[in-house]
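Engineer: Here is the input, now give the coordinates:
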Amino acid sequence: MTDHISKNQSLLLLRGARVVLPQGIEQDVALLVEGNRISRVLRGADASPTHAGATLDLVGLTIFPGFIDVHNHGAAGIDTMEASADDLHHVSTFLASCGVTAWLPTLVPGADEDYSRAAQAVTGLMNEQDERPAAARALGIHYEGPFVNVAQCGALRTPYFRTYSNASDLDTLTKIAHEGAAHMITLAPEIDGGIELVRELAARGWVVSIGHTRADVETLDRAAAAGARHMTHFMNAMLPLNHRAPGPVGWGLVRDDVTCDVIADGVHSDPLILKLILRCKTAERIALISDSIAPTGLGDGEYHIWDEKIAVVNGRTQNERGSIAGSVVTMLDCVRMMLSLGASAHDVARMAASTPARLLGVDDSCGSIEEGKRADLVALDDEGHVRLAMVGGRVAVKVV
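Structural biologist: Numbering: from 1, shown residues only. Purely as a prediction, here's the structure:
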């Protein structure tokens with residue numbers, strides 16, 4: 001990767017790489033970045049260094065749209081439930097090194113004051129992130145719970161689980177005081193008041209996702225009609241598939257109007273199951289997530305998180321109850337996994353960027369490489385290492 005600097009510093013030309021575009025992968029393409037946007041997608045003789053003030057030659061690399069992680073509890077030793085705005089920016093910097101250009105800080109069930117403090121930190125980061133050094137952007141917040149099923153608690157803290165009776169029960173879910181912030185929630189529609197809860201949240205513009213659930217098909221149909229059109233860490237923390245009681249897994253596999261997210265680490269779901277999900281749902285309806293927790297990036301060891309001890313052994317998490325407790329993988333690990341299973345780079349771009357952008361309603365500005373969209377980009381080499389990450393046209397990671 002080489003640089004050529006010319007007089008006009010307001011433009012940047014990325015050339016020489018394969019580029020994953022919405023219509024497929026192209027080789028003879030250059031991207032002209034102006035400010036924070038992709039101003040032109042150039043082909044052939046038009047891809048000339050004279051277009052730009054600076055040129056990056058990215059021969060041998062593949063440019064993907066920047067990855068978007070909608071389910072992330074932290075990394076680099078930082079937990080989103082306890083983080084300050086500065087802490088969250090540190091996580092954002094780590095995520096950018098793994099190809100992530102946007103994310104949703106994700107909260108586990110907790111006390112009202114914990115929710116309030118965490119939401120204020122996310123708000124603080126979002127209000128300042130354009131002035132901070134380039135790093136993955138926080139797009140809003142994701143509440144994993146507290147309206148979920150105790151029987152499918154996974155690693156979540158059951159003392160903080162709740163049911164729903166009226167709109168005032170949502171007052172505890174502190175919103176992000178930043179214009180355009182995304183608000184996502186994972187819930188179980190079978191809890192008391194669950195369908196009304198879905199309806200109320202959808203009316204308020206929340207992204208409602210079904211998870212930590214044992215709901216039957218009839219309840220799931222009602223939840224979808226009320227506004228729930230996504231499923232959280234599909235097949236994990238939900239009633240397993242039974243041929244006489246399809247439940248959430250069978251329902252999710254056949255509903256073309258429902259998307260799902262998947263932790264593609266080979267631990268939460270066997271690689272064969274990942275292939276099955278991809279075949280049934282297609283890349284258009286899958287969002288890759290990390291579900292990473294604070295020890296991500298720190299290696300094996302014992303950590304105190306969410307009021308209990310969580311061990312990381314050989315890259316697998318386990319809490320004191322014996323349950324998997326999130327992951328210590330990154331979106332880059334999930335991308336590599338899907339590529340190793342035979343998914344095309346084009347499909348991986350959909351799962352890692354386009355589908356999550358559409359889920360959050362930001363696909364008009366990011367999630368794919370198109371003229372007019374944000375220059376949120378990641379360039380990988382053939383071994384799957386990040387060589388360049390750009391967030392809004394600013395270089396966050398550059399490895400020569």
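
Engineer: Would you agree Ile210 is in contact with His233?
Structural biologist: No. With contact defined as C-beta atoms under 8 Å, Ile210 does not count as touching His233 (10.8 Å). All C-beta atoms are positioned from the backbone trio N, CA, C, and that covers glycine.

Engineer: of the two, who's got more company?
Structural biologist: Between Ile210 and His233, counted using other C-beta atoms under 10 Å, Ile210 has the larger neighbour count: 30 against 25.

Engineer: so who does the more buried one touch?
Structural biologist: Neighbour list for Ile210: 186-189, 220, 223, 228, 230-232, 248, 252 [criterion: C-beta atoms under 8 Å, 6 or more residues apart in numbering].

Engineer: List the backbone torsions phi and psi for it.
Structural biologist: When quoted as degrees, to the nearest 10, the phi and psi of Ile210 stand at phi -90, psi 130.

Engineer: Which pLDDT value belongs to it?
Structural biologist: We have a pLDDT of 98 for Ile210.

Engineer: repeat for the one 3 residues further on
Structural biologist: Note for Thr213: predicted pLDDT of 98.

Engineer: For the residue nearest to it when sequence neighbours are not counted, give me the pLDDT.
Structural biologist: Of all residues not flanking Thr213 in the chain, Ala188 sits nearest, at 3.9 Å (C-beta to C-beta, 6 or more residues apart in numbering). With respect to pLDDT, Ala188 has a value of 98.

Engineer: again with Asp3
Structural biologist: Asp3 carries a pLDDT value of 54.

Engineer: again, but for the one 3 residues further on
Structural biologist: Listed pLDDT for Ser6 reads 41.

Engineer: His51 too?
Structural biologist: 57.

Engineer: just Arg37 next, same as before
Structural biologist: In this model, Arg37 carries a pLDDT of 97.

Engineer: Check the one 4 residues further on too.
Structural biologist: Here, the pLDDT recorded for Val41 equals 96.

Engineer: For it, which residues are in contact?
Structural biologist: 19, 21, 29-32, 369-371.

Engineer: just checking, which of those residues belong to strands?
Structural biologist: The strands, defined by DSSP state E, take in 19, 21, 29-32 from the contacts of Val41.

Engineer: Which members of these are the farthest-apart pair?
Structural biologist: For the ones in strands among the contacts of Val41, the farthest-apart pair by C-beta to C-beta is Leu21 and Leu32; their separation is 14.2 Å.

Engineer: neighbour-wise, which of the two wins?
Structural biologist: Leu32 (21 against 18).

Engineer: what about the residue nearest to Gly44 when sequence neighbours are not counted, how many neighbours?
Structural biologist: Among residues not flanking Gly44 along the chain, Asp28 sits closest, at 5.9 Å (C-beta to C-beta, 6+ apart). When neighbours are defined as other C-beta under 10 Å, Asp28 has 14 of them.

Engineer: how close does Asp28 sit to Asp216?
Structural biologist: Distance, Asp28 to Asp216, by C-beta to C-beta, to the nearest Å: 53 Å.

Engineer: which stretches of the stretch 151-300 of the chain form helices?
Structural biologist: Applying DSSP state H, counting those that start in this stretch to the stretch 151-300 of the chain gives helices spanning 194-203, 217-226, 247-254, 271-281.

Engineer: Now do the buried residues in the second one.
Structural biologist: Right, helix 217-226. 219-220, 222-224, 226 (16 or more other C-beta atoms under 10 Å).

Engineer: Can you add pLDDT and distance to Met331 and give these back as CSV?
Structural biologist: Converted to CSV, the buried residues of helix 217-226 look like this (pLDDT from 0 to 100; distance: C-beta to C-beta, whole Å):
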residue, pLDDT, distance to Met331
Thr219, 98, 31
Leu220, 98, 28
Arg222, 98, 33
Ala223, 98, 27
Ala224, 98, 27
Ala226, 98, 30
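
Engineer: List phi and psi for the most centrally placed residue in the chain.
Structural biologist: Centrality entry for the chain: nearest residue to the mean C-alpha point is Asp69, 1.4 Å, by C-alpha atoms, centre = their mean. Asp69 has phi and psi values of phi -110, psi 110 when expressed as degrees, to the nearest 10.

Engineer: can you pull up the bridge partners for it?
Structural biologist: Here Asp69 sits in beta bridges with Trp103, going by DSSP bridges.

Engineer: OK, contacts around it?
Structural biologist: So Asp69 contacts 95, 100, 102-104, 136, 288-290, 292, 331, 356 (C-beta under 8 Å, 6+ apart).

Engineer: Can you list which of those residues are found in strands?
Structural biologist: Members of these lying in strands (criterion: DSSP E): 100, 102-104, 288-289.

Engineer: per-residue pLDDT, Ser10?
Structural biologist: Ser10 carries a pLDDT value of 77.

Engineer: Show me how this structure divides into domains.
Structural biologist: 2-64+372-398, 66-360 (automatic domain parsing).

Engineer: Ranking the ones you listed by mean neighbour count, which comes first?
Structural biologist: Most buried of the domains of the chain, by mean neighbour count (mean count of other C-beta atoms under 10 Å): domain 66-360, with a mean of 20.
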